[in-house]
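In: what's the 3D shape of this:
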Amino acid sequence: MTLLVQSITLFADFRPLQALRGMFAAAVLAAMVGAPAPADAAVRTRVGAYDGVWNVQFATQAGNCSSNSVPFTVAGHRVSSAGGGKVTGGVGRAGVVSVQISVGASKASGSGRLAGNSGAGRWSGIILGDRCSGTWQASRSL
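Out: You can find the predicted model right below:
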């Protein structure tokens, strides 16, 4: 009977916000330590399928922008810059990629698909004040 009274007393002091904070802190700590949840194990084995440095060549089809070649880094599902500028984006399980790029006042976005060690897609943006668009092709450095 004493155990039941103590349980009721503990439940009466239960605070949902504190419990959520505690669960969040535990999740952050587990992520920092690198202890994946069992459900994450299958996802983690597929995450690195596109990891590496990708050389992306941009071809302009509309507008007055020059063609260019830029390296990007893929780590897990994230795309980032391997050179200059701010690059954000992601790669999905089937290789579907979406990227946003900004360098100073110039901004562009692109989407497409990666498969194996190559990829292709379309891009558009405002580069040095000119509205431009075109295609891109990528190859992974081995």
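In: any weak-confidence spans in this protein?
Out: Residue ranges of the chain with pLDDT under 70: 1-47.
In: which parts of it are helices?
Out: 2-12, 16-33, 40-47 (DSSP state H).
In: and Ala108, how many residues sit next to it?
Out: 21 (other CB atoms under 10 Å). From N, CA and C alone the C-beta is placed, and that goes for glycine too.
In: got it, and Arg122?
Out: Residues near Arg122, counting by other CB under 10 Å: 13.
In: what pairs with the closest residue to it other than its chain neighbours across the strands?
Out: Among residues not flanking Arg122 along the chain, Thr135 sits closest, at 5.7 Å (CB to CB, 6 or more residues apart in numbering). Per DSSP bridges, residues listed as beta-bridge partners of Thr135: Ala59, Arg122.
In: Ser106 touches Ile127, doesn't it?
Out: Yes. The pair Ser106 / Ile127 is scored as a contact, 4.7 Å apart, by CB atoms under 8 Å.
In: neighbour count: the two, which is higher?
Out: Per other CB under 10 Å, whichever of Ser106 and Ile127 has more neighbours is Ile127, with 21 against 16.
In: and the more buried one, what does it touch?
Out: 63, 65, 106, 108 (CB atoms under 8 Å, 6 or more residues apart in numbering).
In: let's see 7 Å
Out: 65, 106, 108 (CB atoms under 7 Å, 6 or more residues apart in numbering).
In: and the contacts of stretch 65-83?
Out: By CB under 7 Å, 6+ apart, stretch 65-83 touches 47-48, 50-60, 87, 89-91, 97, 99, 127, 130, 132.
In: of those residues, which belong to strands?
Out: Residues of the contacts of stretch 65-83 located in strands (DSSP state E): 52-60, 87, 89-91, 97, 99, 127, 130, 132.
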